[in-house]
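In: please find the sequence and the predicted model below.
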Amino acid sequence: MILDEKKIMEAAARYCQPFNKGYCFMGSCSASLTLVEARFMCDFIVNNKLKNGIEIGTGTGISTMYLASVLDKLITVDNGAIALNLQHEYGWMRAAWNDMFREAGFENINMVQSIEEIDKRLKSVDFVFIDGDHTGLFPTNDCIAVQPHLTTKKTHYIFWHDTLNPNVMAGVDNAIKNLGYSGKLIELPEQDTYGLWVTWK
């Protein structure tokens, strides 16, 4: 695995302090991944030689740094809902992410506030991580919204986090039944996952 976890954790320990009101990280709450999930996805990206990614749901930014450590380019999408919950503006959140990513040495992360902001010419994405709004049809619509950016020259993969949530699982089902994807549950120890599926085509 081509990443420096110490670098990621040092940056997170400093810049995730504002999220302590219920927004912890790495197994402490659903605002981020567990270490087992993060390492699994990084290994998967490396083993499948994936290069360009979209992450939906920056959250605390820790999953972003893990993914960016093994991808050539990563676009992370977040509307700043955590900031609003903590009574801050989106700009405050974006500045915190910028500082954290810069301190950790990441220059391959591009932050946008919505999928619509992604350059329409981008059609080379081979990895997507959906971990945004889990309410209603948001997970399904996120999958649909990234379709124009996905490569058709080789297999692309969409990872879905928090699939114990029925709305997220509905998005997985829609991808398989209506969008032509194959899919499977990533089998990890129960205490180390919030539910992780991968779909591909």
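Out: Yes, it's here.

In: mind listing the helices in the chain by residue range?
Out: Shown for the chain, the helices assigned by DSSP state H span residues 5-15, 35-47, 62-68, 81-85, 90-103, 138-146, 166-178.

In: any idea of the mean pLDDT in the second one?
Out: Regarding helix 35-47, the rounded mean pLDDT is 94.

In: do the same with the last one
Out: When pLDDT is averaged over helix 166-178, the result is 96.

In: tell me what that helix is packed against?
Out: helix 138-146, strand 157-161, strand 182-185, strand 196-200 (3 or more CB pairs under 8 Å, 6 or more residues apart in numbering; DSSP states H and E). In this view, the C-beta of every residue, glycine as well, is placed from N, C-alpha and C.

In: reformat these as TSV; add distance to Asp126, mean neighbour count and mean pLDDT.
Out: TSV is the format used below for the helices and strands packed on helix 166-178 (distance: least, CB to CB, whole Å; neighbours: other CB atoms under 10 Å; pLDDT from 0 to 100):
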stretch	distance to Asp126	mean neighbour count	mean pLDDT
helix 138-146	12	20	96
strand 157-161	7	26	98
strand 182-185	15	13	98
strand 196-200	10	21	98
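
In: want to throw the ones you listed into JSON lines with distance to Ala13?
Out: Listed next are those as JSON lines, based on distance: least, CB to CB, whole Å:
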{"stretch": "helix 138-146", "distance to Ala13": "29"}
{"stretch": "strand 157-161", "distance to Ala13": "22"}
{"stretch": "strand 182-185", "distance to Ala13": "32"}
{"stretch": "strand 196-200", "distance to Ala13": "25"}
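
In: surely His134 is in contact with Trp160?
Out: No: His134 is beyond contact range of Trp160, at 10.2 Å (criterion: CB atoms under 8 Å).
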